[in-house]
Structure formats: C-alpha cells, structure tokens
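> kindly generate the corresponding structure for this input.
(4 chains)
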Protein chains: 2
Amino acid sequence: MAEQDGPTDAFVARADRILDSAGELMLRHGYRKVTIEDVARGAKIGKGTVYLHWRTKDDLFMALLARESVRMVEDVAARLRADPEEVLPHRLMRMTYLAALRKPLLLAIVTGDTEILGRMAETEINEVGAATNDRFYDVLTDYGLLRDDIPNLPYALRGATGGFYVLDRVDPESALGPEAGADALAHVVRAAFEPARRPRRSVLVGAAGALIEVFEDLIPPYRAWIYYQEPAGSRPRDRKKGSA
Amino acid sequence: MAEQDGPTDAFVARADRILDSAGELMLRHGYRKVTIEDVARGAKIGKGTVYLHWRTKDDLFMALLARESVRMVEDVAARLRADPEEVLPHRLMRMTYLAALRKPLLLAIVTGDTEILGRMAETEINEVGAATNDRFYDVLTDYGLLRDDIPNLPYALRGATGGFYVLDRVDPESALGPEAGADALAHVVRAAFEPARRPRRSVLVGAAGALIEVFEDLIPPYRAWIYYQEPAGSRPRDRKKGSA
DNA sequence: TCGTTGACCGGATTTGAAATCTGGTCAACG
DNA sequence: CGTTGACCAGATTTCAAATCCGGTCAACGA
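Here you go, the predicted structure:
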C-alpha cells in the first residue's frame, strides 16, 4: 500500500527540488527568460532528467503553479480546522487576499501578470478548478453564509474583490498596508454578500467541515497531476498540430 | 465680452474637428500607430495647423482624453439635474460604469489600457482631477450619502468597483450584459458604502446641487486647457531634459 | 539493466545596422 | 498673417545573420 504504482518516494522529492528551482527563477526572471537548463542547474541535475518528470516546459511550469495553488488550499483547510469561524466569506476572502500578497506567484496567477506568467497566463489551469469553484459557492450558499438573493453572485463577488488585487499595481501610491487593504476587502464582502444575521456557530462548524471536504477531494488529483505526468514514453501523443 | 481673449470661435470648432479625427484613429489603431499627419488628413487641414493648437502629440491626445472626461462629467451633471436621486452613490457608480462601457476611450482611461493609450497611460492626467475627486467624496460624505465609519473609503470604493471594469477583459467568457454587470456593481456599492437608511429627498436634492456645483467648477479650466494650449510661440519652454 | 545525462538538432528568438518613418520646425505661400 | 508641407534629426521598423533553447536520444556508469 505504501507504493503501489504511484512514484511515491525520492522521485517526488526530486520533483520538488526542480519545482523549487523553477519557482525561484520564475520570480526573479519571469517565465520567458528561464531556461530548462537553468532550472536543472538550480536543482543540481541534468537537463534530461527534468523531462523524466514533465513532458514540456509548459507542463513543468503548470505544475509549479498548481503546487502553489494546492499549498494555499491546504493552508486554508488548516485554518478552517483550527477555527471554523474562518469560513465566513469575508474571513475567507481576507485570508486569500493576504496569502496572495505574501506569495508572489499566487498574485501573478490571480492578476494574470503576463510578465511573470508568460504564456501560462493564457492556458486554462482551471478545468477541475472551475468545478471546485462551483462547489465552493454551493457550500457557502447552502449553509446560508452567502445571501441567496443576489443575481450572478460569482460574477459580482469576483468584480467586488478583483479590484483590490489590481489596485496596487495600477496606482502604487495609493498603497495602504496589506492589513488595511485586507480589512477594506473584508468589509465589502461582509456588507455586500453576507446575510445580515450572523449564523449560529454550529452552522459555521458544519460549513467549515463541508468546505474542508471539498478541498480534500480536490487535492489528491491535483497532486497526482503535478508529480506524475505520463513520462513522455507511453504514447506518441501528437505534439503541435500535425494532420494525418 | 463675446471674445475677450479666449479663442472662442471657429478656432474651437477646428480643434474639435482635429480631436474628432484623433479620437476615431486612436480607437482604430491605438496611440502608437496614429501619426499627426493622419490626424491632420482626417480633419482636412495641414499638418502644421495641428501645432497651432497643441505643442506636442502628447498634448493633443491628452486634450482628447480630457474632452472625453469633460463630456462624461457634463453628462452626469445633466442627469443629476434631471433626477436628483441619481446622486445616490450606487446610482452614480452604475451610471459611470455604463458610460465607460459605452465610450471605449473612457474604458481605456479607467483600465489603463496600454494598447490604446500608449504612453498616455503613464502621464498624470489628474492634477486637478485628484482635487475634484476629494471634493466629490467630501460632498457625498457631508450629505450622509456615504457611510462615515469606513476607513480608507476612497481606497475601498476603488477596490470594490475597479474589478468590474477589468473583469470582462480578464475573463471575457464570464461576460454578462452591461446592465447585469452594472446592477451587480450597484448592489455592491449600495450594500457596502451607503448608510442603511435612505436619505430624505431634500437631502438628495441638496447633494445633487452641491455635486453639480463641483462639476461646474471643474469644467471651465479643463475646457480652457483642452482648447487653448499656449501656442508654442510664447516661451521657448525647455523641451526634453537640457541642462544649462 | 536502467536511471541519468549532456551533445546535438532545428525551429524560435535575438541582434544590430540599414532603411524607413514621424514628431516638430519654419521659410514661403496666398 | 493664418496656413502649409518640405525638411531635419532622432526614433522606430526591418530583416537577415547569429544565437539560443526546448526537446531527443545514444551513450555512460552504477
């Protein structure tokens, strides 16, 4: 059971070293200027070895972003376990905002920073992520933590929060500290999207549990995808657009 | 009195023709690819004539953006006169949002669209604009149309609304019509920034009047700046950074 | 035997110098 | 004297040569 067919062992550790190297370089130089050889050198392995983990440079960097996302989700889950009150939408959004400010790669993802992400910005990371997003809203709405009388709630919520992520980039001198910005964001979410009455604690505990479950469903497939990418040998897999 | 020293006459009409031409071309090709010669041809005048109105290409396009902004302000003022209830912040924001969607140049300004604006995006249009912004908030707060218990209100408001302007560009498939988007924006503003109790109508009338006054103070200097730009002859005006 | 590697390939990107374009001026024109 | 377009220098574009880099695979060594 310990390792039935998953590559569970030093293989994953090496993958992590590669991703660490890639992450560091990506933040310093941006997607475009980072070469596979640089990444390999940073991880102290040969260039070819990288291709034992991912089939293309894109796959490697997708995996990097995915790992970053998974880590944040794990972090949120941990906080929910520690304090179920964190499930209140304005607390969740506050938490996410601060996490993004702290982790530059996350901020790059959410703001679609083309400079850093390069072509990553275009590709759709969110196949399963989108589904999770739906379940996320469903849970919060079902437990009555989000008002149910708001049309296009996901759109409205994204609109109301998205500006905060971009504001500092557009107008850096209006700044404010991370905490103050997070507070402003939290206020908006609470006032505009949460019901007037604070839910009972038992509801919060239930919602937190349900959310944690959603997250735990999400993580394993993501991890699998990050660390075990069909190592290039299996099927030819038509690259590029070749007809016939 | 009709024309004491202001160039009030066919001069302004010609300036408008030039700006019309510039606006059309700017939307079609973006700042970079539009040449002064193109603009002049579009206005059916010689190239040199453009320089009788503005000293540089930048000044010309700044004037264009300023004219667009002034027109919007005039439009808002007109609506306030027609219906003082429009002074409610969520109505104001709704109005502004729809106006921006309708006028591509305004949208480019507010979203900082580098493609269209070119270097215009960097320059600070808002010397006097910033001051007006402060007065704008003061009026709304003084009349009790904005909650006074929100820290960093301007920041929060920009954050909460800014996302809506950018959303469609970041994720075009989440779309929604202009009306639905505007409604979502209005909901957020009302719920998060307006006091719970609706103000009495007399207050609204007063606030609307005060705002109109602010706008009317703003417009003339802007108009002057747009249409009469110190026609290049007066003082040498050190161009570029030349020492001594 | 099999995991690892780096020399190697061709397509993509960068470089830089020559060619072209364009913002701004001003002598001349009407 | 209001208007203009030829003209200038500096900025931008072009395009081919030089370089770089993602991805492969024969060879190496544990």
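> rest of the way, CA atoms for contacts and neighbours
Noted.
> what is the burial count for the nearest residue to residue A:195 once chain neighbours are set aside?
Nearest residue to residue A:195, sequence neighbours excluded (Cα to Cα, 6 or more residues apart in numbering or on different chains): residue A:147, at 5.2 Å. Residue A:147 has 17 neighbouring residues, counting by other Cα atoms under 10 Å in any protein chain shown.
> cool, and residue A:142?
12.
> of all the residues in stretch A:17-37, which ones are buried?
A:17-23, A:25-26, A:30-31, A:34, A:36 (16 or more other Cα atoms under 10 Å in any protein chain shown).
> pick out the residue of chain A closest to chain B.
Nearest to chain B in chain A, going by Cα to the nearest Cα, is residue A:163, at a distance of 3.7 Å.
> quick check: which element contains that residue?
helix A:153-170 (DSSP states H and E).
> now residue A:144
Going by DSSP H and E, residue A:144 is not in any helix or strand.
> same check on residue A:41?
Using DSSP H and E, residue A:41 falls in helix A:36-42.
> chain center to that helix, what's the gap?
Here helix A:36-42 is found 24 Å from its chain centre; the criterion is Cα atoms, centre = their mean, to the nearest Å.
> and what of stretch A:93-104?
11 Å.
> quick one on the thing from earlier: contacting residues around the helix holding residue A:41?
The contact list for helix A:36-42, computed with Cα atoms under 8 Å, 6 or more residues apart in numbering or on different chains, reads A:18, A:21, A:22, A:25, A:46, A:47, A:49, A:50, A:57.
> my guess is the first one contacts residue A:46, does it?
Okay, so that is residue A:18. No - with contact taken as Cα atoms under 8 Å, residue A:18 and residue A:46 are classed as non-touching, separated by 10.8 Å.
> only the buried residues of the worst-scoring helix or strand of chain A on mean pLDDT, if you could.
Here the helix or strand of chain A ranked lowest by mean pLDDT, DSSP states H and E is helix A:114-117, holding a mean of 78. Judged by neighbour count (16+ other Cα under 10 Å), helix A:114-117 contains these buried residues: A:116, A:117.
> show me what it is packed against.
helix A:10-33, helix A:104-111 (3 or more Cα pairs under 8 Å, 6 or more residues apart in numbering or on different chains; DSSP states H and E).
> can we see that at 10 Å?
helix A:10-33, helix A:57-82, helix A:104-111 (3 or more Cα pairs under 10 Å, 6 or more residues apart in numbering or on different chains; DSSP states H and E).
> my guess is the residue of chain A closest to chain B meets residue B:164, correct?
Yes - using Cα atoms under 10 Å, residue A:163 is in contact with residue B:164, at 7.4 Å.
> please name the residues that touch the one residue sitting closest to the centre of chain A.
For chain A, the residue sitting closest to the mean C-alpha position, by Cα atoms, centre = their mean, is residue A:69 at 2.4 Å. Listed by Cα atoms under 10 Å, 6 or more residues apart in numbering or on different chains, the contact set of residue A:69 reads A:63, A:75, A:105, A:106, A:109, A:129, A:219, A:222.
> need these in TSV with neighbour count, distance to DNA strand C and pLDDT, can you?
Listed next are these as TSV, based on neighbours: other Cα atoms under 10 Å in any protein chain shown; distance: Cα to the nearest atom of the strand, whole Å; pLDDT from 0 to 100:
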residue	neighbour count	distance to DNA strand C	pLDDT
A:63	23	18	91
A:75	15	31	96
A:105	22	21	89
A:106	21	24	88
A:109	19	21	83
A:129	14	28	64
A:219	17	25	91
A:222	18	22	87
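> which parts of chain A sit against chain B?
Listed as neighbours of chain B in chain A under the rule Cα under 10 Å from any Cα of the partner chain: A:110-112, A:150-168, A:170, A:174-176, A:180-193.
> and those residues near DNA strand C, which?
When contact is defined as Cα under 7 Å from any atom of the strand, those do not meet DNA strand C at all.
> which of these are buried?
A:110-112, A:153, A:155-157, A:159-167, A:181-193.
> any residues touching stretch A:96-109, and which ones?
So stretch A:96-109 is in contact with A:23-24, A:26-27, A:64-66, A:68-69, A:72-73, A:75-76, A:90-91, A:93-94, A:110-117, A:120-121, A:125, A:161-162, A:164-166, A:178-179, A:181-183, A:185-186, going by Cα under 10 Å, 6+ apart.
> compute the first-to-last residue distance for that stretch.
End-to-end distance of stretch A:96-109 (Cα to Cα, to the nearest Å): 13 Å.
> now swap in stretch A:134-153 and tell me
First-to-last residue span, stretch A:134-153, Cα to Cα: 11 Å.
> can you point out the buried residues in that stretch?
Those would be A:135, A:136, A:137, A:139, A:140, A:141, A:143, A:144, A:145, A:146, A:147, A:153, for stretch A:134-153 by 16+ other Cα under 10 Å.
> so how far is it from its chain's centroid?
21 Å.
> then stretch A:163-179?
Offset of stretch A:163-179 from its chain centre (Cα atoms, centre = their mean): 21 Å.
> what does chain A put close to DNA strand C?
Residues of chain A lying near DNA strand C (Cα under 7 Å from any atom of the strand): A:44, A:45, A:46, A:47, A:48, A:49, A:52.
> among the residues you listed, which are in helices?
Cross-referencing the residues of chain A next to DNA strand C against helices under DSSP state H gives A:47, A:48, A:49.
> re earlier: tell me if the helix holding residue A:41 is near DNA strand D.
Yes - for helix A:36-42, a contact with DNA strand D is found by Cα under 7 Å from any atom of the strand, at A:36, A:37.
> tell me the pLDDT of the residue nearest to residue A:32 when sequence neighbours are not counted.
The shortest distance from residue A:32 to any non-neighbouring residue, by Cα to Cα, 6+ apart, is to residue A:118 (6.1 Å). Note on residue A:118: pLDDT of 77.
> what is the neighbour count of residue A:118?
16.
> what of residue A:53?
Close neighbours of residue A:53, defined as other Cα under 10 Å, add up to 22.
> and for residue A:51?
17.
> so how far is residue A:224 from it?
17 Å.
> check residue A:162 too.
Counting by Cα to Cα, the gap from residue A:162 to residue A:224 is 30 Å.
> got a list of what the closest residue to residue A:70 other than its chain neighbours touches?
Closest residue to residue A:70 apart from its sequence neighbours, by Cα to Cα, 6+ apart: residue A:219 at 6.4 Å. Listed by Cα under 10 Å, 6+ apart, the contact set of residue A:219 reads A:67, A:69, A:70, A:71, A:73, A:74, A:225.
> buried ones in the host helix or strand of residue A:219, by neighbour count?
Element membership of residue A:219 [criterion: DSSP H and E] is helix A:201-227. Neighbour counts over helix A:201-227 (16+ other Cα under 10 Å) mark A:203-205, A:207-212, A:214-215, A:218-219, A:222, A:225-227 as buried.
> in terms of secondary structure, what does the strand or helix carrying residue A:187 contact?
Element membership for residue A:187, per DSSP H and E: helix A:178-193. In terms of contacts (3+ Cα pairs under 10 Å, 6+ apart), helix A:178-193 is packed against helix A:89-102, helix A:153-170, helix B:153-170, helix B:178-193.
> turn the ones you listed into JSON lines, including mean pLDDT.
Shown next, in JSON lines, are those (pLDDT from 0 to 100):
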{"stretch": "helix A:89-102", "mean pLDDT": "95"}
{"stretch": "helix A:153-170", "mean pLDDT": "91"}
{"stretch": "helix B:153-170", "mean pLDDT": "91"}
{"stretch": "helix B:178-193", "mean pLDDT": "97"}
